[in-house]
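J.: Below: sequence and its predicted model.
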Amino acid sequence: MALVLLTIGLEDVMSSDQSAPLRLLAGTSAMAFTRALADRLGLPFERVRVERFSNENLLCDVSHLALRGADVAYVQTSSAPVSEHLIETLFSLDAIRAARPARLTAVLPYFPYARSDKPESAGGPVPARLIAELLERVGVERVVAFDLHSAQLAGFFRIPVLELSARETLVAAVRAWQLADLVIASPDLGGAKRAAGAAAALGAPLVVFRKQRRGREVESELLGEVSGRSVVIFDDEIATGSTVIAAARLALRGGARSVCAVATHGVFAGDALAQLASAGVERVLVSDTIEVHAGTGVKVEVVSVVPDLAEALRG
């Protein structure tokens, strides 16, 4: 398991109260994920009671659970509808805090608004920073997430942040494909370090696509040789797929034998899967930080990061 433990509050992360029993509570976006995690840990699977009133207001309640003095891990991921799940997360955490647990951990496999980690305009707001502040305000003492979009996001917190990586799990799956003449690609310069780690683990060369955005359009320039090679594009997430699509088309124009894509978070907004298929991407590999629903388009393979998370929580 590849694990990055940030030094913010390191002692707090490693010195959990061993006498407090661990309780796993699931939000509505992470039911299957939390059930798998509970099975892995040999623990009961418990739910926050969530109700929606006729005026669209939410009620998040844990009065049916005895949480006082427990080590509580609340699991929720940032799948659609993202903003509604975020409100549910904050309300649920506030309800759990009111029940007076010994410790409260927010397990957010795909961190909400992770890509909003910088202002869109000079002097503008940074939504990811606000979410960090809100999580602290509702009593969270530790955050656990997979493959944050950038290192600066963890710097928004004053509480411990445990960032886990799906890279080893994804690399193992790619290795099992046994692709001939493999080359690993980063879809942009910002992800080059991430892709380089995968390339090193697979013993494959690295190429990089340098992208430019023109409005909603993405143009790429290839830095490296892909002719006759099996290209696997590594990224942290696939949302609309525009970055991967631009890179895939350029790789195929450069003579690539095949193109596949790998990412930790499979958002797949709109018709992303169909667009990936039309761009010539043969298959996509993602983790289960977000539940992937069947759709038309490119073949999607999902691997689980639950074993990695279970190991981290045991520690």
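T.: Thanks, I have the structure now.

J.: which residues does the nearest residue to R115 once chain neighbours are set aside contact?
T.: Leaving aside its sequence neighbours, R115 sits nearest to H149 (CB to CB, 6 or more residues apart in numbering; 5.2 Å). C-beta here means a position set from N, CA and C on the backbone, and glycine is covered the same way. H149 is in contact with F111, A114, R115, D117, D236, E237, counting by CB atoms under 8 Å, 6 or more residues apart in numbering.

J.: Kindly recompute the last result at 6 Å.
T.: By CB atoms under 6 Å, 6 or more residues apart in numbering, H149 lies in contact with A114, R115, D117, D236.

J.: give me the element it is part of.
T.: Counting by DSSP states H and E, there is no helix or strand that carries H149.

J.: Quick check on it: phi, psi?
T.: With angles defined as degrees, to the nearest 10, H149 sits at phi -60, psi -30.

J.: filter the contacts of H149 to the buried ones?
T.: A114, D117, D236 (16 or more other CB atoms under 10 Å).

J.: which SS class is the second one?
T.: So that's D117. coil (DSSP: H, G, I helix; E, B strand; the rest coil).

J.: what's the farthest-apart pair in the contacts of H149?
T.: Pairwise distances across those (CB to CB) peak at 11.9 Å, for the pair D117 and D236.

J.: and the closest residue to E301 other than its chain neighbours, how many residues sit next to it?
T.: In this structure, E301 finds its nearest non-sequential neighbour in L285, 4.8 Å apart by CB to CB, 6+ apart. Residues within reach of L285, counting by other CB atoms under 10 Å, total 22.

J.: Hmm, L285 is touching A263, no?
T.: No: with contact defined as CB atoms under 6 Å, L285 does not count as touching A263 (7.7 Å).

J.: Show the contacting residues for V183.
T.: By CB under 6 Å, 6+ apart, the contact set of V183 is A204, P205, V207, V226, R229, V231.

J.: again, 7 Å this time
T.: Counting by CB atoms under 7 Å, 6 or more residues apart in numbering, V183 makes contact with A204, P205, V207, V226, R229, S230, V231.

J.: so where's the stretch 151-300 of the chain shaky on pLDDT?
T.: Low-confidence segments of the stretch 151-300 of the chain (pLDDT under 70): 213-219.

J.: Tell me how many other residues crowd G123.
T.: Per other CB under 10 Å, the neighbour tally for G123 reads 5.

J.: And the pLDDT for K118?
T.: K118 carries a pLDDT score of 89 in this model.

J.: For A192, which non-adjacent residue is closest in space?
T.: Nearest residue to A192, sequence neighbours excluded (CB to CB, 6+ apart): S186, at 4.5 Å.
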